[in-house]
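A.B. asks: sharing a model prediction with you, sequence too.
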Amino acid sequence: MPLLNVEEHRRRARRMLPRLVFDYVDGGAEDERCLQRNRDALEQLPLIPECLRDTSTVDIGIELFGRRWRAPFAVAPIGLAGLVRPGADALLARAAQGAGVPFVLSTASNTRIEDVRAAAPDAALWMQLYVMGERAIAERIVRRARAAGFEALVLTVDVPVSGLRERDLRHGFRLPMRLTPATVLDMARHPAWLMRLARSGMPQFANLLPDDDGAPVSAQAQAALLSRTMDRRLTWESLAWLRKLWDGPLLVKGLLGAEDARRAVRHGADGIVVSNHGGRQLDAAPASIAVLPAMVDAAGGRIPVLMDGGIRRGSDVVKALALGARGVLAGRAPLYGLACGGEQGALSVLQLLAQETERTMTLLGATHAAELGPRHVGRPEPPPKDTLQGKPAIYAARAAA
Ligand SMILES: Cc1cc2nc3c(=O)[nH]c(=O)nc-3n(C[C@H](O)[C@H](O)[C@H](O)COP(=O)(O)O)c2cc1C
Ligand SMILES: CCCCCCC(=O)C(=O)O
């Protein structure tokens, strides 16, 4: 049976992956209210069509930073994706190349920057940057990304410390993995996954390994990445330091407040990504889509605003565009695809999102992203009752799954 949508890929991924890996991907921080809020806020927005418009040709492509994207989304940075499938970063990059959309490589990738470029020579590759204590490490990553022809740098700023990921804590999730009887049983129940891991070995933070240039990388940096402990002395002034190293587009990812959008403009960012890290950091954070209009307003058309968090349908993409985003990032959606079918699975998810985006735009009477506007979005419908009472709906969904 072909998988018809992202949620079906998610359910298949849940069966195919050991529970601790699935939970690493699927989970959020604390009570996972922010994770749920992203979905609720998108679902509660109705779309209002304009009828009797010529939609004989609909083009969902956009142009950003001098590149045409075949669809208005990119693949978000995903650290430790190699746990889902060996070579995940290269497979996702190739899927993005196939779909004609950018791929953002995480600092915490398990494939080296240069190897991802070699695997996807025609892809629009962006580099996500985590700055840990030793600035020299970030500098080296930026230099290597530039040399490998990466086109934009995305500085993630919402991880001064890790969010409290209780699903991970429950599983004793860490690297190297601490094997308990429960995790051994969990893995043994997923022999295909286990065989792949056995063949490739445990994923490493590939960009932090000593490289051809012989520069040593400290164990401290590895540990910082593992515990998601970033440099807390990083401030808006630090953008000037990055500017000296990177002359291409520089985006700041993880902003939710209008004043921060204005600061980004003032400090010379070329774009921002409105994001709550997919509900994995501050559980009390708002849904990205809820703050998007204020962020777009604050950016005032001076720099493009991208958004991520909860994108599971083409209609979600369209809602973000209608509220002023120039494009969106999809994180878990292509990752579920990767878990189901490797590169082809990830590509299928990207194609599904593109088809749904095109169908939704056609139904709205919009032939191009630029024709979408706030008039296409109605007032949020009241949340379903079960999100109003105590536990968020995700608990009910999980129990039913
Ligand atoms: C498993 C996983 C790993 C992630 N790793 C990173 C990362 O290394 N760097 C980063 O900036 N964001 C990371 N993110 C956040 C995503 O880039 C993105 O902001 C988020 O997934 C968007 O929400 P969505 O998954 O609902 O699409 C990660 C997300 C997930 C699910
Ligand atoms: C366990 C290492 C994870 C590296 C960073 C990944 C990330 O940002 C996340 O949200 O998870």
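C.D. replies: That came through fine. Ligands and ions are numbered 1, 2, ... in the order given.

A.B. asks: what about the residue nearest to Ala71 when sequence neighbours are not counted, which SS state?
C.D. replies: In space, and not counting its chain neighbours, Ala71 is closest to Ala354: 4.2 Å by CB to CB, 6 or more residues apart in numbering. For every residue, glycine as well, the C-beta is placed using N, CA and C. Following DSSP: H, G, I helix; E, B strand; the rest coil, Ala354 is assigned to helix.

A.B. asks: which residues are in contact with Ala354?
C.D. replies: Ile60, Arg70, Ala71, Ala99, Gly314 (CB atoms under 8 Å, 6 or more residues apart in numbering).

A.B. asks: from Ala119, how far out is it?
C.D. replies: Distance, Ala354 to Ala119, using CB to CB, to the nearest Å: 22 Å.

A.B. asks: need the three-state assignment for whatever residue of the stretch 1-150 of the chain ends up closest to ligand 1.
C.D. replies: Closest residue of the stretch 1-150 of the chain to ligand 1, CB to the nearest ligand atom: Gly79 (3.0 Å). Here Gly79 is coil, with the state taken from three-state DSSP.

A.B. asks: Thr111 is in contact with that one, correct?
C.D. replies: No. If you go by CB atoms under 8 Å, Gly79 and Thr111 don't touch, sitting 11.7 Å apart.

A.B. asks: name the nearest residue to Gly279, ignoring sequence neighbours.
C.D. replies: Closest to Gly279 by CB to CB, 6+ apart is Leu35, at 3.1 Å.

A.B. asks: pLDDT wise, what is the one you found at?
C.D. replies: Per-residue pLDDT puts Leu35 at 98.

A.B. asks: show me what from the stretch 201-350 of the chain comes close to ligand 1.
C.D. replies: 253, 275, 277-278, 280, 308-311, 329-333 (CB under 6 Å from any ligand atom).

A.B. asks: assumed Arg232 was part of a strand.
C.D. replies: No. Counting by three-state DSSP, Arg232 is not part of a strand but coil.

A.B. asks: pretty sure it is in contact with Pro160, am I right?
C.D. replies: Yes. With contact defined as CB under 8 Å, Arg232 reaches Pro160; the gap is 5.0 Å.

A.B. asks: counting neighbours, what do you get for Gln128?
C.D. replies: 25 (other CB atoms under 10 Å).

A.B. asks: so where's the stretch 51-200 of the chain uncertain?
C.D. replies: Across the stretch 51-200 of the chain, the ranges flagged by pLDDT under 70 are 175-176.

A.B. asks: same question but for the stretch 251-400 of the chain, I mixed them up
C.D. replies: For the stretch 251-400 of the chain (pLDDT under 70), the answer is 384-400.

A.B. asks: how far does stretch 115-124 stretch from start to finish?
C.D. replies: One end of stretch 115-124 sits 14 Å from the other (CA to CA, to the nearest Å).

A.B. asks: do it and ligand 1 meet at all?
C.D. replies: No. Using CB under 6 Å from any ligand atom, stretch 115-124 never reaches ligand 1; the gap is at least 13.6 Å.

A.B. asks: list the buried residues for that stretch?
C.D. replies: Neighbour counts over stretch 115-124 (16 or more other CB atoms under 10 Å) mark Asp115, Val116, Arg117, Ala119, Ala120, Ala123, Ala124 as buried.

A.B. asks: hey, where'd the helices end up in the stretch 51-200 of the chain?
C.D. replies: Ranges of helices within the stretch 51-200 of the chain are 88-99, 113-119, 135-147, 166-171, 181-188, 191-200, based on DSSP state H, counting those that start in this stretch.

A.B. asks: could you dump these to CSV with distance to ligand 2?
C.D. replies: Below are the helices of the stretch 51-200 of the chain laid out as CSV (distance: least, CB to the nearest ligand atom, whole Å):
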stretch, distance to ligand 2
helix 88-99, 12
helix 113-119, 16
helix 135-147, 14
helix 166-171, 8
helix 181-188, 15
helix 191-200, 16
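
A.B. asks: tell me the most buried of these?
C.D. replies: helix 88-99 (a mean of 26; mean count of other CB atoms under 10 Å).

A.B. asks: can you pull the contacts of Ala152?
C.D. replies: Here Ala152 is in contact with Phe65, Pro102, Trp126, Met127, Gly248, Pro249, Leu250, Leu251, Asp270, Gly271 (CB under 8 Å, 6+ apart).

A.B. asks: tell me the one among these nearest to Arg15.
C.D. replies: Pro102 (30.1 Å; CB to CB).

A.B. asks: how near is that closest one to Thr360?
C.D. replies: Distance from Pro102 to Thr360, by CB to CB: 21 Å.

A.B. asks: just Trp246 next, same as before
C.D. replies: 35 Å.

A.B. asks: try Gly378
C.D. replies: For Gly378 relative to Thr360 (CB to CB), the value is 14 Å.

A.B. asks: before we move on, what about Trp69?
C.D. replies: 17 Å.

A.B. asks: ok, those two, which is more surrounded?
C.D. replies: Neighbours per residue, other CB under 10 Å: of Trp69 and Thr360, the larger number sits with Thr360, 25 against 22.

A.B. asks: the helix or strand where the more buried one lies: how far from the chain's middle?
C.D. replies: Using DSSP states H and E, Thr360 sits in helix 332-364. Counting by CA atoms, centre = their mean, to the nearest Å, helix 332-364 is centred 14 Å from the centre of its parent chain.

A.B. asks: so which bits of that helix are buried?
C.D. replies: 332-343, 345-350, 352-354, 356-358, 360-362, 364.

A.B. asks: can you check stretch 150-165 too?
C.D. replies: For stretch 150-165, by 16+ other CB under 10 Å, it's Phe150, Glu151, Ala152, Leu153, Val154, Leu155, Thr156, Val157, Asp158, Val159, Gly163, Arg165.

A.B. asks: same deal with stretch 245-259?
C.D. replies: Buried, per 16+ other CB under 10 Å, within stretch 245-259: Leu245, Trp246, Pro249, Leu250, Leu251, Val252, Lys253, Gly254, Leu255, Leu256, Ala258.
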